[in-house]
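J.: just coords:
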């Protein structure tokens, strides 16, 4: 548990601009402030979300969490308008909480189910939640898939590149438990999901298959998924088959594109959904 002596002080100009959004903010802030704050190493710091969080400031992606809306201002601003106060959010691939630190603040009577099967990331997230006990977050140390299984989580990337590039594997890495989202929701008597943030590094289709009945019935109101390469197209095709339209963000506007960029994030809404803007 940190004390006031553990909390580092940010440069005053950075504190002023944390809540201001502007183009290329993360890169510009890192150019001006990165060298200074990276010297702080692992510490407790006030983030762009306004919360105190433990971060490794040697890691550029952790520094981005300090600067502002790491996962994209357009989506976070959209979610703030879209989510009802009593909403239910699924964050699969929650990592250390870089997106749920925003979403959870929009749900004063709601809840975030944070699925994070990696021990180190889940431990880190739970440590941060000890000093943010008002946040309506339940950490669930499982991965999501099409069926219950024991698999492995293999770290395939540089920890300085993304914070965690972990992929589900049958043979390599830390052993993890895979569960079906539909089963987890039934255990908690949850009957609707307002938003599912889906970022599981290539295992998105099996995760979606674990909630097919929910997709068929349009009981998930919105899905925000990482779309990378061929897998991104497969995700779009799969969800289109259940009547979900893929939208991309252009600044604060949503649009439909016939083709996908090599790497992007897509917002999937039921075709009958009239809450697009």
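T.: Received, thanks. Just so it is clear, the model here is predicted, and its values are computed rather than measured.

J.: how many other residues sit next to the residue nearest to residue 29 when sequence neighbours are not counted?
T.: The shortest distance from residue 29 to any non-neighbouring residue, by Cβ to Cβ, 6 or more residues apart in numbering, is to residue 67 (4.0 Å). Yep, even glycine has a C-beta here, placed from its N, CA and C like the rest. By other Cβ atoms under 10 Å, the residues close to residue 67 number 23.

J.: for residue 67, what are its contacts?
T.: Residue 67 sits next to 14, 18, 25, 26, 29, 30, 33, 48 when contact means Cβ atoms under 8 Å, 6 or more residues apart in numbering.

J.: and it, how far from residue 31?
T.: In this structure, residue 67 lies at 11 Å from residue 31, with Cβ to Cβ, to the nearest Å as the measure.

J.: again, but for residue 119
T.: The span separating residue 119 from residue 31 equals 34 Å under the rule Cβ to Cβ.

J.: can you check residue 40 too?
T.: Look at residue 40 and residue 31: by Cβ to Cβ, they are 17 Å apart.

J.: what about these two, which has more around it?
T.: Legend: neighbour count by other Cβ under 10 Å for residue 40 and residue 31, higher for residue 40 (18 against 10).

J.: chain neighbours aside, what residue packs nearest to the most centrally placed residue in the chain?
T.: Per Cα atoms, centre = their mean, the C-alpha nearest to the average position across the chain is that of residue 99, at 4.3 Å. By the measure of Cβ to Cβ, 6+ apart, the closest residue to residue 99 outside its immediate chain neighbours is residue 71, 4.6 Å from it.

J.: now the strands for the stretch 51-200 of the chain?
T.: Taking DSSP state E, counting those that start in this stretch, the strands of the stretch 51-200 of the chain run over residues 52-56, 88-92, 111-115, 137-140, 143-144, 149-155, 166-169, 174-179, 195-198.

J.: for residue 260, which of those strands is the nearest?
T.: Closest to residue 260 of these, according to Cβ to Cβ: strand 195-198, at 15.3 Å.

J.: centre of the chain to the closest one, how far?
T.: 8 Å (Cα atoms, centre = their mean, to the nearest Å).

J.: so what strands line up beside it?
T.: Here the strand partners of strand 195-198, with direction, are listed using DSSP bridges: strand 88-92 (parallel), strand 223-228 (parallel).

J.: just how off-centre is the shortest one within its chain?
T.: When C-alpha coordinates are averaged (Cα atoms, centre = their mean), strand 88-92 and its chain have centres 8 Å apart.

J.: quick one, helices of this structure?
T.: Listed in chain order, the helices of the chain (DSSP state H) span 12-17, 25-38, 60-67, 73-82, 100-103, 119-129, 159-162, 181-187, 204-209, 212-216, 229-240.
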